[in-house]
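Student: Got a sequence here, can you model it:
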Amino acid sequence: MSLSHSASASSLASSASISSFALFGVTCLAFASGLVAAGSAARADALDFTLKSKVLATEKERPHIALQINEPLDFLTLILERADGQKFEHRYERVEANGRTRIDLPLAKGVSRAQHFKARFELGIDGEIQHHEFEFDAEIIAQPKITVRPEDVNVDGGFLSLTSDRDISRIDANVFSEEGRLIAQKSQRFGLVPAGSKAEILWGPTEQRVFKIALKIYDTDDFFTGLELIPWRFDIPHDEVNFVSGSAEIAKAEWPKLEASIHVLGEVLKRMGRSANLSLYILGATDTVGAAEANQKLSAARALAIGRYFRSRGIRIPIFTAGLGEEGLRVATADEVDELQNRRADYIVTVEPPVLAPGTPPVSWKKMP
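Tutor: Got it, this is the predicted structure:
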């Protein structure tokens, strides 16, 4: 099963974004707009402010406080004290009404974790002084690393598991058919899945074949990373090409078998080629007759010969070939056993290198020109 991580969908975004896989996001904490006068009943709507304490590393903005001045002020002071003890003061004299300003938060350089701040507003209005104090954490959030292993995606059972280098609070999944229809939907909330631990989401089996799974993985700050997984694959049914013993040359009498496979492949590409960037993977295997090293080379050469035939007949999608030799036995046999079912080649259409049967050794796919 292959997985495709969509570039447009993998950008970190906030849950407040309008687009499902927007490139930008905001975490906003809106505080009470009124500043209460110390020991008086002075007007409480002179200043509105909004704290944007956490932003994405992909954003142009920094964490900041945005101010909206609603009435003329004698003065306005904002004092920020960072956790390391450093203080930063911003003071404005004779501030006019309807003014706006933004103050970037002075994050310490080289610190990747959240930084704690204490803030104090002081403002003079009609000869009186008002103040307001609050505390918050500020952070520039790097795009998290989400890991989905192919073996952790079970399409038939309708579930998958993944890990993130940030804590996970929720996963949303939309599952689509080959025709692009939504066939399953699930939102799984967690108390908290610690960074590095597996989080699982179950949407259940579907009657229609799954083509794509669109995920949103939320962290505890309600930012999400969007991912698209494409576990779809198509194994082309075919009659095996019979090669002369020890040879990778395709006899003319075997061409009709390959022509039939090309016809099936063409139908698949016509139906699915616009939905994803498909590739063809050809994997050769042998029985146990002969030396293991020679069989491995022979299986790779035969897979390449089939790939070259496909290419010569106008197949333009990427073609990858590899050989298993006698390491990929479909039927277990002793050494030097002539077994027809083990002399074969698999033709697999998918997006990324296909997941092979359990126990199959790793293969080195080679891309054809």
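
Student: Please look at Pro353 and Tyr281 and confirm they touch.
Tutor: Yes: counting by C-beta atoms under 8 Å, Tyr281 is a contact partner of Pro353 at 6.7 Å. All C-beta atoms are positioned from the backbone trio N, CA, C, and that covers glycine.

Student: Output the contacting helices and strands for the longest helix anywhere in the chain.
Tutor: Ranked by residue count under DSSP state H, the longest helix found in the chain is helix 292-312. Helix 292-312 makes packing contacts with helix 255-272, strand 279-285, strand 319-323, strand 344-350 when contacts are defined by 3 or more C-beta pairs under 8 Å, 6 or more residues apart in numbering; DSSP states H and E.

Student: about what we covered before: out of Pro353 and Tyr281, which sits in the busier spot?
Tutor: Tyr281 (25 against 17; other C-beta atoms under 10 Å).

Student: rewinding a little: any buried residues in the longest helix of the chain, and which?
Tutor: For helix 292-312, the buried set under the neighbour-count rule, 16 or more other C-beta atoms under 10 Å, comprises 295-296, 298-310.

Student: do the same with stretch 61-73
Tutor: Neighbour count says stretch 61-73 has Pro63, His64, Ile65, Leu67, Ile69, Leu73 buried, by 16+ other C-beta under 10 Å.

Student: With stretch 243-250 instead?
Tutor: Buried, per 16+ other C-beta under 10 Å, within stretch 243-250: Phe243, Ala248, Ile250.

Student: cool, stretch 102-119 as well?
Tutor: Using 16+ other C-beta under 10 Å as the test for burial, stretch 102-119 gives Leu105, Pro106, Leu107, Ala114, Gln115, Phe117, Ala119.

Student: related to what we said a few turns ago, could you point out which of the helices and strands packed on helix 292-312 sits nearest Asp235?
Tutor: The closest of the helices and strands packed on helix 292-312 to Asp235 is strand 344-350. By C-beta to C-beta, the value is 5.5 Å.

Student: In terms of secondary structure, what does that closest one contact?
Tutor: Under the contact criterion of 3+ C-beta pairs under 8 Å, 6+ apart, strand 344-350 touches strand 233-235, helix 255-272, strand 279-285, helix 292-312.

Student: Can you redo those as JSON lines, where the extra columns are distance to Phe159?
Tutor: Output for the helices and strands packed on strand 344-350, formatted as JSON lines (distance: least, C-beta to C-beta, whole Å):
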{"stretch": "strand 233-235", "distance to Phe159": "18"}
{"stretch": "helix 255-272", "distance to Phe159": "24"}
{"stretch": "strand 279-285", "distance to Phe159": "26"}
{"stretch": "helix 292-312", "distance to Phe159": "33"}
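
Student: And the nearest residue in space to Ile168 that is not next to it in sequence, how far from Arg170?
Tutor: Nearest non-adjacent residue to Ile168, counting by C-beta to C-beta, 6 or more residues apart in numbering: Val193, 4.1 Å away. Relative to Arg170, Val193 is positioned 9 Å away (C-beta to C-beta, to the nearest Å).

Student: So for the two, which residue has more residues nearby?
Tutor: Using other C-beta under 10 Å, the more surrounded residue of Val193 and Arg170 is Val193, with 23 against 19.

Student: Tell me the spacing between the more buried one and Tyr92.
Tutor: Val193 sits 45 Å away from Tyr92, going by C-beta to C-beta.

Student: List the contacts of the residue located most distally from the centre of the chain.
Tutor: For the chain, the residue at maximal distance from the C-alpha centroid (C-alpha atoms, centre = their mean) is Gly127, at 55.9 Å. For Gly127, the contact set (C-beta atoms under 8 Å, 6 or more residues apart in numbering) comprises Asp74.

Student: Okay, domains of the chain per the record?
Tutor: Per automatic domain parsing, the domain ranges recorded for the chain read 31-141, 145-229, 234-367.

Student: Would you format the ones you listed as JSON lines with mean pLDDT included?
Tutor: Output for those, formatted as JSON lines (pLDDT from 0 to 100):
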{"stretch": "domain 31-141", "mean pLDDT": "84"}
{"stretch": "domain 145-229", "mean pLDDT": "95"}
{"stretch": "domain 234-367", "mean pLDDT": "92"}
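
Student: ok, for the spatially most central residue of the chain, nearest residue in space, not its chain neighbours?
Tutor: Most central in the chain under C-alpha atoms, centre = their mean is Leu227, positioned 3.2 Å from the mean C-alpha point. Nearest residue to Leu227 in three dimensions, chain neighbours excluded: Leu215, at 4.6 Å (C-beta to C-beta, 6+ apart).

Student: same thing with Ile217?
Tutor: Of all residues not flanking Ile217 in the chain, Thr225 sits nearest, at 5.0 Å (C-beta to C-beta, 6+ apart).

Student: Let me know how buried that neighbour is, in neighbour terms.
Tutor: Other residues close to Thr225 by other C-beta under 10 Å number 22.

Student: you'd agree it is in a strand?
Tutor: Yes: the assignment for Thr225 is a strand, going by DSSP: H, G, I helix; E, B strand; the rest coil.

Student: doesn't Ala214 make contact with it?
Tutor: No: the criterion here is C-beta under 8 Å, and Thr225 misses it with Ala214 at 11.9 Å.

Student: Who are the contact partners of His238?
Tutor: For His238, the contacting residues are Lys257, Ala260, Ser261, Val264, Tyr347, by C-beta under 8 Å, 6+ apart.

Student: State the helix or strand in which the residue nearest to the second one when sequence neighbours are not counted lies.
Tutor: Of all residues beyond its chain neighbours, the one nearest Ala260 is His238 (6.7 Å), with distances taken as C-beta to C-beta, 6+ apart. Secondary structure from DSSP states H and E places His238 outside every helix and strand.
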